[in-house]
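Engineer: pasting the structure only:
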């Protein structure tokens, strides 16, 4: 992956990124599908960036009910908020949903100018702030999607946001049925029944993860 194309290293040249990786104590790790990348209750000082694969971010209550908070695709970062708060235990679990490679970087070295006084270090810190703000917006969107009392309302809210993001009525969602149900905080069987009703009512068409919103 060309890191200069990612949000964290946006605006930096490849040679500048290579120079920064040494300053950031960057370390690559590989995970198998289903393997836990970071577990709830653990403490991290590192920001993770997904090089390949997919990481799912979730949390569970004391009764074992799981809730999907989001996912990290290639180029995305995770754990940045926890890394920025020294000693803060994670309230979430990060899991590899397929074979995944992660690049870890020490957040303290991102936020503190290195001894080499890299002229592009400040830009990296600004990018981290921008990514953190974007993540906050994503959580706000999830709150919006789950505010409806009906399963159909939650599905339509999420599908509408997906369509707006890609600029067309046909799009892929990054979740399987159970993961989508967890993300929207609904029962999987009830949600699947509602999807079938929405297709029968001519509101959507779907095939696996491909959704098509139908217009009148």
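Structural biologist: Arrived safely. If you're wondering where the values come from, they're calculated on a predicted model, not measured in any experiment. Numbering: from 1, shown residues only.

Engineer: Any idea how many residues pack against residue 190?
Structural biologist: For residue 190, the neighbour count with other CB atoms under 10 Å is 11. To be clear about C-beta, it is placed using only N, CA and C from the backbone, and glycine gets the same treatment.

Engineer: check which helix or strand covers it.
Structural biologist: Assigned by DSSP states H and E, residue 190 belongs to helix 188-200.

Engineer: Off-centre distance for that helix?
Structural biologist: 25 Å (CA atoms, centre = their mean, to the nearest Å).

Engineer: so what does it touch, helix or strand wise?
Structural biologist: helix 151-166, helix 177-184, strand 204-207 (3 or more CB pairs under 8 Å, 6 or more residues apart in numbering; DSSP states H and E).

Engineer: Please repeat the previous calculation with a cut-off of 10 Å.
Structural biologist: With contacts taken as 3 or more CB pairs under 10 Å, 6 or more residues apart in numbering; DSSP states H and E, helix 188-200 sits against helix 151-166, helix 177-184, strand 204-207, strand 210-213.

Engineer: Buried ones in the biggest helix by length in the chain, by neighbour count?
Structural biologist: Secondary structure of the chain read by DSSP state H shows that its longest helix is helix 121-145. Of the residues in helix 121-145, 121, 123, 124, 127, 128, 131, 135, 142, 145 count as buried by neighbour count, 16 or more other CB atoms under 10 Å.

Engineer: Report the inter-axis angle for that helix versus helix 151-166.
Structural biologist: For helix 121-145 against helix 151-166, the angle between stretch directions is 150 degrees (axes from the mean of the first three to the mean of the last three CA atoms, to 10 degrees).

Engineer: so how far is the first residue of stretch 171-179 from its last?
Structural biologist: With CA to CA, to the nearest Å applied, stretch 171-179 spans 17 Å between its terminal residues.

Engineer: And stretch 69-87, by the same measure?
Structural biologist: 22 Å.

Engineer: Just the buried positions in it, please.
Structural biologist: 69-72, 74-84.

Engineer: which residues sit against the helix holding residue 190?
Structural biologist: Here helix 188-200 makes contact (CB atoms under 10 Å, 6 or more residues apart in numbering) with 150-156, 159, 176-182, 184, 186-187, 203-206, 211-214.

Engineer: do that again at 6 Å, thanks
Structural biologist: Applying CB atoms under 6 Å, 6 or more residues apart in numbering, the external contacts of helix 188-200 come out as 151, 152, 177, 178, 181, 204, 205.

Engineer: just stretch 68-82 next, same as before
Structural biologist: Contacts for stretch 68-82 (CB under 6 Å, 6+ apart): 6, 8, 44, 47-50, 52, 54-58, 88, 90, 94, 131-132, 138, 174, 179, 182-183.

Engineer: what do you get for stretch 128-139?
Structural biologist: By CB under 6 Å, 6+ apart, stretch 128-139 touches 7, 70, 77, 80, 110.

Engineer: Can you pull the phi/psi pair for the fourth one?
Structural biologist: Spelled out, that is residue 80. Backbone geometry at residue 80, expressed as degrees, to the nearest 10, gives phi -70, psi -40.

Engineer: What separation do you get for it and residue 105?
Structural biologist: Here the criterion is CB to CB, to the nearest Å. By it, residue 80 lies 10 Å from residue 105.
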